[in-house]
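Asks: Next one to model:
(one chain, ligands or ions: 1)
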Amino acid sequence: MRILFLTHSFNSLTQRLFSELRARGHVVSIEFDISDSVAEEAVALFRPELIVAPYLRRAIPASIWSRHVCLVVHPGIVGDRGPSALDWAIQAGEREWGVTVLQANAEMDAGDIWAAETFPMRCAKKSSLYRNEVTESATRAVLAAVERFAAPGFRPLPLARAVARGQLRPLMRQEDRRIDWSTDDTATIVAKINAADGFPGVADSLFGIACNLFDVHAEAQRPAGTAGDIVARRDGALLRLTRDGALWIGHVKRADRAGSFKLPATVAFPRETAALPESAAPLMRDDGQWGELRYREQGQVGFLAFEFYNGAMSTEQCSRLRQAYAFARSRPTRVIVLEGGTDYWSNGIHLNMIEAAGSPADASWDNINAIDDFARDVIETDTHLTVAALCGNAGAGGAFLALAADRVWARAGVILNPHYKNMGNLYGSEYWTYLLPRRVGADRARRIVGNRMPLPAPQALREEMVDACIDAPPAGFAEEVAERASALAQAPDFAARLEAKRARRADDEKTKPLAIYRDEELANMRRNFYGFDPSYHVARFHFVAKSPNSWTPRHLALHRELGWCVPEGAA
Ligand code: COA
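Replies: Below is the predicted model of the structure:
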């Protein structure tokens with residue numbers, strides 16, 4: 001089928017659906033929702049048999065839905081309507097939530113139901129629920145709806161006839177999100193901030209300055225003080241007391257500065273937080289304490305988690321990660337599993353921190369060198385076998401960083417974006433020119449980085465970019481990784497495998513030293529950062545500022561290709 005996606009952006013859910021439908025042989029083209037007339041033009045050019053709207057922020061114009069079946073993905077249970085579906089569900093403490101695929105009509109979210117799925121809720125950020133439970137459910141529901149559309153005789157269920165406990169809810173306003181630090185307990189505040197994370201955050205104030213709060217983590221111990229007091233800092237976050245406990249606030253967006261964007265709390269308030277006591281969490285610790293880095297052992301396997309917000313890795317975070325990794329290497333284990341974070345394994349250098357720097361070019365240079373240093377540590381590890389275990393997505397430099405490990409195991413729902421070109425034609429580093437061709441060969445490597453397309457884990461396995469694709473939810477994935485890592489550590493030929501790894505590295509080094517790969521990559525990156533072509537700086541600015549799209553990239557909009565024509569005989 002020719003399926004047109006009308007979407008606000010090519011976000012993770014859209015990428016997943018795009019990949020799943022293409023894998024089933026459908027011809028999928030994408031048009032960003034820029035204006036009604038541009039959407040109408042796309043429909044006229046592509047002449048889709050079906051339109052799918054995975055992520056829209058506006059209604060589809062009547063000129064389109066009255067002539068084509070348009071399936072809209074709504075992140076809510078049957079009957080739920082409105083633009084803040086997940087926000088209300090999280091704040092209300094819903095135990096079960098869902099995704100409904102309905103047909104667009106004159107009334108927002110009130111069309112006939114083509115498919116619906118439910119899932120148990122988890123205490124997590126809205127963006128995390130969206131990237132995991134919502135994405136999995138939406139994938140099942142859209143695939144079912146597309147099959148039903150193709151099958152003769154299927155009739156979608158009118159909402160009025162559905163058994164529905166969902167209801168129409170308004171846009172959630174900041175008034176509905178407001179925190180009262182003197183009366184709200186920790187769980188309520190966590191739910192309020194989770195319901196607003198990644199967007200729009202909860203409007204509050206810190207140090208008397210208005211700002212939006214994101215990235216909250218409850219703390220097990222409550223230091224002495226009054227609710228609302230800010231008493232410590234850790235990993236860029238601030239510890240704030242509540243009525244019955246305390247919580248870490250990781251990221252904020254200041255409201256007193258035009259064009260401001262999300263930053264780690266201590267970076268957004270450097271002067272105000274300078275005197276706060278630094279309360280580092282031990283790397284090996286009980287579950288109750290929050291911190292970005294965590295190391296644990298199970299038998300002969302060490303697990304290093306780096307839970308960096310949005311998978312972005314600043315210079316300082318890379319350097320802390322290197323120290324943690326050095327610790328992991330010093331342990332009497334055999335295998336080190338690099339777990340990354342639950343939602344993202346890594347998305348490469350920290351574009352927001354770079355944007356906020358006095359010299360973004362210098363900050364980019366420092367950041368890429370810091371991430372390269374970590375990649376080199378992993379590549380040169382000759383004491384352990386290493387595994388990159390991707391529970392969450394990885395993009396740009398983060399996708400190549402994973403290849404520094406000896407084995408790459410990905411959860412089946414993971415999407416990789418192993419390319420840099422979307423960031424202003426960045427050349428990229430992280431030793432990708434060594435790591436990718438070494439795994440997949442030179443031709444395939446050129447194709448993967450050149451075509452700027454998302455690569456779902458099952459396809460990455462076929463392309464030999466990853467070694468295993470594990471079909472399990474996040475908790476099951478962690479268990480399976482632990483089992484496989486333990487088997488690797490106990491393998492009778494472990495010593496031989498380690499020796500083979502050392503020999504291969506030595507051979508590779510003789511053929512072309514790692515330092516040369518790095519120098520060559522960084523010579524290109526230097527031009528991206530300091531050269532006359534500002535594309536990278538422009539792209540980064542728009543990425544961080546979240547500038548609305550004003551066109552759909554040609555590699556996504558098939559119907560805008562010069563040679564595009566509707567297949568003969570098409571309706
Ligand atoms: N630095 C800072 N923030 C980043 C980031 C990075 N490298 N990569 C992603 N983010 C942030 C986004 O701004 C967004 O922030 P929000 O919470 O305020 O909404 C959040 O992470 C999620 O990103 P989004 O693009 O919505 O997620 P996605 O899953 O749909 O797409 C990517 C994932 C990786 C394709 C996309 O985020 C991307 O292109 N990131 C840039 C990667 C990059 O170019 N890195 C630098 C070169 S190494």
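
Asks: Identify the residue nearest residue 268 in space, chain neighbours excluded?
Replies: Using C-beta to C-beta, 6 or more residues apart in numbering and skipping residues adjacent in sequence, the residue nearest residue 268 is residue 252, 4.9 Å away. For glycine as for every other residue, the C-beta is placed from the backbone atoms N, C-alpha and C.

Asks: Shouldn't that neighbour be within a helix?
Replies: No: according to DSSP: H, G, I helix; E, B strand; the rest coil, residue 252 belongs to no helix; its state is strand.

Asks: Get me the contact residues on this structure for the ligand.
Replies: Within the chain, the positions near the ligand by C-beta under 6 Å from any ligand atom are 11-12, 127, 198-199, 262, 310-312, 347-352, 393, 395-397, 417, 420, 422-423, 426.

Asks: buried subset of those?
Replies: 12, 127, 198, 262, 310-312, 347-352, 393, 395-397, 417, 420, 422-423, 426 (16 or more other C-beta atoms under 10 Å).

Asks: Report the central residue of this protein.
Replies: By C-alpha atoms, centre = their mean, the chain has its centre lying nearest to residue 344, at 4.9 Å.

Asks: ok and the residue in the stretch 201-350 of the chain nearest the ligand?
Replies: For the stretch 201-350 of the chain and the ligand, the shortest gap (C-beta to the nearest ligand atom) falls at residue 348, measuring 2.6 Å.

Asks: which residues does the closest residue to that residue other than its chain neighbours contact?
Replies: Ranked by C-beta to C-beta, 6+ apart and with sequence neighbours excluded, the top spatial neighbour of residue 348 is residue 397, at 3.0 Å. Residue 397 makes contact with 346-349, 368, 371, 420, 428-430, 432 under the criterion C-beta atoms under 8 Å, 6 or more residues apart in numbering.

Asks: Please convert those residues to TSV, extending it with secondary structure, pLDDT and distance to residue 93.
Replies: Shown next, in TSV, are those (DSSP: H, G, I helix; E, B strand; the rest coil; pLDDT from 0 to 100; distance: C-beta to C-beta, whole Å):
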residue	secondary structure	pLDDT	distance to residue 93
346	strand	98	32
347	coil	98	30
348	coil	98	35
349	strand	98	37
368	helix	98	43
371	helix	98	39
420	coil	95	41
428	coil	97	43
429	coil	98	45
430	coil	98	41
432	helix	98	44
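
Asks: Quick check: residue 469 is in a strand.
Replies: Yes: per three-state DSSP, residue 469 lies within a strand segment.

Asks: what is it paired to in the beta sheet?
Replies: Following DSSP bridges, residue 469 is listed with bridge partners residue 410.

Asks: hang on, isn't it packed against residue 413?
Replies: No: between residue 469 and residue 413 there is no contact under C-beta atoms under 8 Å: 9.7 Å.

Asks: Which residue is the nearest non-sequential neighbour of the residue of the stretch 151-300 of the chain found nearest the ligand?
Replies: At 2.8 Å from the ligand, residue 198 is the closest residue in the stretch 151-300 of the chain, using C-beta to the nearest ligand atom. Leaving aside its sequence neighbours, residue 198 sits nearest to residue 127 (C-beta to C-beta, 6+ apart; 4.2 Å).

Asks: List the contacts of whatever helix or strand the one you found lives in.
Replies: Using DSSP states H and E, residue 127 maps to helix 126-129. With contacts defined as C-beta under 8 Å, 6+ apart, helix 126-129 is touched by 86-87, 90, 97, 121-122, 194-199, 342-343.

Asks: next one: stretch 193-201
Replies: With C-beta under 8 Å, 6+ apart as the test, stretch 193-201 has contacts from 86-88, 90-91, 123-127, 172, 174, 177, 179, 202, 212-216, 249, 252-253, 262, 310.

Asks: Show me how far it is from its chain's centre.
Replies: 15 Å (C-alpha atoms, centre = their mean, to the nearest Å).

Asks: If you tally nearby residues, what's the number for residue 452?
Replies: 15 (other C-beta atoms under 10 Å).

Asks: so what does the helix or strand hosting residue 507 touch, helix or strand wise?
Replies: Take DSSP H and E as the rule and residue 507 turns out to sit in helix 494-511. Counting contacts by 3 or more C-beta pairs under 8 Å, 6 or more residues apart in numbering; DSSP states H and E, helix 494-511 packs against strand 385-390.

Asks: The strand it packs on to helix 494-511, inter-axis angle?
Replies: Counting by axes from the mean of the first three to the mean of the last three C-alpha atoms, to 10 degrees, strand 385-390 lies at 90 degrees to helix 494-511.

Asks: Does anything pack onto strand 385-390? Which helices or strands?
Replies: Strand 385-390 packs on strand 335-340, helix 397-402, strand 407-411, helix 474-490, helix 494-511, going by 3+ C-beta pairs under 8 Å, 6+ apart.

Asks: Pull out the buried positions in the last one.
Replies: Within helix 494-511, the residues scored as buried using 16+ other C-beta under 10 Å are 498, 501.

Asks: Whichever helix or strand comes after it: how far from the chain's middle?
Replies: Note on helix 494-511: by DSSP H and E, the next helix or strand toward the C-terminus is helix 514-530. In terms of C-alpha atoms, centre = their mean, the centre of helix 514-530 is set 26 Å apart from its chain centre.

Asks: Mind listing residues that contact helix 514-530?
Replies: 361, 364-365, 368-369, 372, 376, 379-380, 424-434, 508, 533, 535-536.

Asks: Alpha carbons of that helix, in PDB - could you do that?
Replies: Provided in PDB are the C-alpha atoms of helix 514-530 (Å, rounded to 0.1, in the frame of the first residue of the first chain):
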ATOM      1  CA  LEU A 514      43.700   4.300  16.300                       C
ATOM      2  CA  ALA A 515      45.300   7.800  16.600                       C
ATOM      3  CA  ILE A 516      45.300   8.200  12.800                       C
ATOM      4  CA  TYR A 517      41.500   7.400  12.600                       C
ATOM      5  CA  ARG A 518      40.900  10.000  15.300                       C
ATOM      6  CA  ASP A 519      43.100  12.600  13.700                       C
ATOM      7  CA  GLU A 520      41.400  12.200  10.400                       C
ATOM      8  CA  GLU A 521      37.900  12.400  11.900                       C
ATOM      9  CA  LEU A 522      38.800  15.300  14.000                       C
ATOM     10  CA  ALA A 523      40.400  17.200  11.100                       C
ATOM     11  CA  ASN A 524      36.900  17.000   9.500                       C
ATOM     12  CA  MET A 525      35.200  17.900  12.700                       C
ATOM     13  CA  ARG A 526      37.500  20.900  13.100                       C
ATOM     14  CA  ARG A 527      36.200  22.200   9.800                       C
ATOM     15  CA  ASN A 528      32.600  21.600  10.900                       C
ATOM     16  CA  PHE A 529      33.200  23.500  14.200                       C
ATOM     17  CA  TYR A 530      35.600  26.300  13.100                       C
END
